[in-house]
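S.K.: how does the following fold in three dimensions:
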Amino acid sequence: MPLVRLSGKVAGSSDPKRKERAEILYHLFSSGWDIYNANGDQTIKLSNIQNRILKSDAFVFCQNPSIEDYFNFASIFVGLQTNDTDLKDKPVILVNGDESWNSFMALIDHLIALGTIRQEYKQLFKVVEGSKQLVLTIDANYKEKTKLKKDEPDFIEVKGLYKENSPHNIPKRSVCVFCSASIRDTEYLDEGYEVGKILAKNGIGCISGAGKTGIMGKVVQGAYENGGWSAGSNVPHIIKMEGLPDGLNEFWPRANIYTRMEVMIERSDAFLIMPGGMGTIQELLALILLKEQNNDLVKDKKIVIYNKKDAKTNKHFWEPLIQIINSNQLEKYVEITSDISHAIDVVSNVAL
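M.R.: Here you go, the predicted model:
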């Protein structure tokens with residue numbers, strides 16, 4: 001029996017989501033699907049998400065999404081963008097009859113216009129209005145295949161893929177910069193370089209997703225060329241696509257994007273969210289979820305969002321995302337600024 005992972009939580013018998021969920025459960029069960037998280041009571045952990053993806057045959061995201069639902073959806077989106085083989089031929093369905101996902105769809109459209117998402121989202125997932133259309137869509141897109149037991153992938157040989165920085169004392173404090181690896185606009189790239197440079201000059205470590213291109217590559221370059229310490233984590237299938245930047249003092253290979261995030265968060269003292277795509281959204285939402293859970297990984301660690309004003313469009317880069325954060329009463333977990341110098345000052349000061 002194929003297994004579908006159902007998003008969302010149900011908060012008791014009076015929760016308005018309960019009726020919709022019951023209808024979805026009825027139609028899915030009637031169509032021969034087994035359901036994970038049927039009761040809406042499962043809590044996510046970064047360490048086990050990839051295993052849940054592997055075991056699932058399809059993914060359904062219900063109406064009235066929570067911040068956790070946004071994170072789960074962003075995670076699947078990133079997996080599809082990066083050709084995660086565990087997601088190959090697995091239907092992803094969004095139920096949006098009440099238009100409660102519209103703000104997130106608007107965020108995707110906004111980032112497509114700014115160039116950090118290049119895929120048309122209709123190629124990655126299907127949008128339906130209700131439970132009956134959901135079943136027809138999921139059945140039409142599901143391809144049955146034999147499930148194989150999958151061991152953790154071997155880490156690819158990284159020696160020779162990047163030029164190591166000279167030996168360097170590990171700094172007492174480090175800032176993690178979450179950002180785009182695809183932006184090519186020189187104004188954005190110059191700011192990335194400046195971030196790495198200032199962290200280096202202040203004796204603060206620079207942690208990133210170890211991307212070679214875009215803002216991410218420039219952040220590492222800025223730290224490296226100015227005598228700073230930098231480290232990062234990446235996963236085999238992305239390394240094969242993009243390579244690694246020169247100048248890393250430490251590299252922490254991980255099997256999947258979730259344990260990659262976990263080690264970066266664990267080893268950082270503050271977080272700077274720069275312009276990025278769905279991967280950056282995923283990382284920010286993970287930080288907010290961990291804050292909500294009072295997780296020790298993010299205890300007393302500042303999160304600063306750099307809401308850059310784009311010179312070409314005259315729009316603030318993260319405005320649609322900030323609206324989602326505010327509408328979910330999560331603004332207490334982040335500091336927002338449109339001034340890059342102020343953003344760097346804040347994360348630098350809390351990391352000292």
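S.K.: can we go C-alpha only for contacts and neighbour counts from here?
M.R.: Fine.
S.K.: and for Leu46, the neighbour number?
M.R.: The tally of other residues near Leu46 (other C-alpha atoms under 10 Å) stands at 15.
S.K.: the helix or strand containing Ile138: what's the following helix or strand?
M.R.: Assessed by DSSP states H and E, Ile138 sits inside helix 131-141. Following helix 131-141 in sequence order, the next helix or strand is strand 174-178 (DSSP H and E).
S.K.: show me the protein divided up by domain.
M.R.: Following automatic domain parsing, the chain resolves into domains at 3-141, 174-350.
S.K.: the bottom helix or strand of the chain by mean pLDDT?
M.R.: Least confident helix or strand, the chain: helix 236-242 with a mean of 84, by mean pLDDT, DSSP states H and E.
S.K.: only alpha carbons, please: show that helix as CSV.
M.R.: Only the C-alpha atoms of helix 236-242 are listed here, as CSV (Å, rounded to 0.1, in the frame of the first residue of the first chain):
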residue,chain,number,x,y,z
PRO,A,236,27.0,15.0,-2.1
HIS,A,237,24.4,15.7,-4.9
ILE,A,238,24.8,19.5,-4.6
ILE,A,239,28.6,19.2,-4.4
LYS,A,240,28.5,17.2,-7.7
MET,A,241,26.5,19.9,-9.3
GLU,A,242,28.2,23.0,-8.0
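S.K.: what residues of that helix count as buried?
M.R.: Of the residues in helix 236-242, Pro236, His237, Ile238, Ile239 count as buried by neighbour count, 16 or more other C-alpha atoms under 10 Å.
S.K.: and if you look at stretch 68-82?
M.R.: So stretch 68-82, judged by 16+ other C-alpha under 10 Å, has buried residues 68-81.
S.K.: measure how far stretch 335-343 is from the centre of its chain, please.
M.R.: The chain centre lies 21 Å from the centre of stretch 335-343; the measure is C-alpha atoms, centre = their mean, to the nearest Å.
S.K.: rewinding a little: helices and strands around the helix holding Ile138, which ones?
M.R.: Other helices and strands packing on helix 131-141, by 3 or more C-alpha pairs under 8 Å, 6 or more residues apart in numbering; DSSP states H and E, are helix 17-30, strand 92-95, strand 126-128.
S.K.: let's go with 10 Å and repeat that
M.R.: Counting contacts by 3 or more C-alpha pairs under 10 Å, 6 or more residues apart in numbering; DSSP states H and E, helix 131-141 is packed against helix 17-30, strand 58-61, strand 92-95, strand 126-128.
S.K.: what's that helix in contact with?
M.R.: With contact meaning C-alpha atoms under 10 Å, 6 or more residues apart in numbering, helix 131-141 is reached by 4, 20-33, 58-60, 62, 89-95, 97, 126-128.
S.K.: buried residues, that helix. List them.
M.R.: Applying 16+ other C-alpha under 10 Å to helix 131-141 flags Ser131, Leu134, Val135, Thr137, Ile138, Asp139, Asn141 as buried.
S.K.: which strand or helix spans the residue most central in space within the chain?
M.R.: The centroid of the chain falls nearest to Gln282 when counting by C-alpha atoms, centre = their mean (2.0 Å). Using DSSP H and E, the element containing Gln282 is helix 278-292.
S.K.: who does whichever helix or strand comes after that helix pair with, and is each partner parallel or antiparallel?
M.R.: Proceeding N to C from helix 278-292, the next assigned helix or strand is strand 302-306, under DSSP H and E. If you go by DSSP bridges, strand 302-306 pairs up with strand 270-273 (parallel), strand 335-337 (parallel).
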